[in-house]
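Undergrad: quick one, fold the following:
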Amino acid sequence: MLSEKVSKALEKYEGMWVAVTEEEIVAYGTSAKGVHEEARKKTSKEVVVFKVPFKEEEYHVLCLL
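TA: Take a look at the predicted model:
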């Protein structure tokens with residue numbers, strides 16, 4: 001679950017790929033692969049990478065278990 005701080009901060013990353021931990025956004029950019037690579041360099045914590053939808057877009061969440 002993302003913190004309220006992270007959830008609110010995501011608004012400024014619309015249309016971009018982001019890597020987040022539970023507490024913070026650790027990387028962002030236009031490429032999922034690039035964002036993941038940058039995040040792995042910055043933290044040893046588990047990160048989730050996803051594309052932040054634009055407000056007018058419908059979005060779906062895929063959860064891989």
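
Undergrad: chain center to the lowest-mean-pLDDT helix or strand in the chain, what's the gap?
TA: One helix or strand of the chain scores below all others by mean pLDDT, DSSP states H and E: helix 4-9, with a mean of 80. Relative to its chain's centre, helix 4-9 lies at 11 Å (Cα atoms, centre = their mean, to the nearest Å).

Undergrad: list the buried residues of that helix.
TA: residue 6 (16 or more other Cβ atoms under 10 Å). Heads up, the C-betas are built off the backbone N, CA and C, glycines and all.

Undergrad: now it - C-alpha only, CSV.
TA: What follows is helix 4-9, C-alpha atoms only, in CSV (Å, rounded to 0.1, in the frame of the first residue of the first chain):
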residue,chain,number,x,y,z
GLU,A,4,-0.8,9.1,1.2
LYS,A,5,2.3,11.3,0.5
VAL,A,6,3.3,9.1,-2.5
SER,A,7,-0.3,8.8,-3.8
LYS,A,8,-0.6,12.6,-3.9
ALA,A,9,2.9,13.1,-5.4
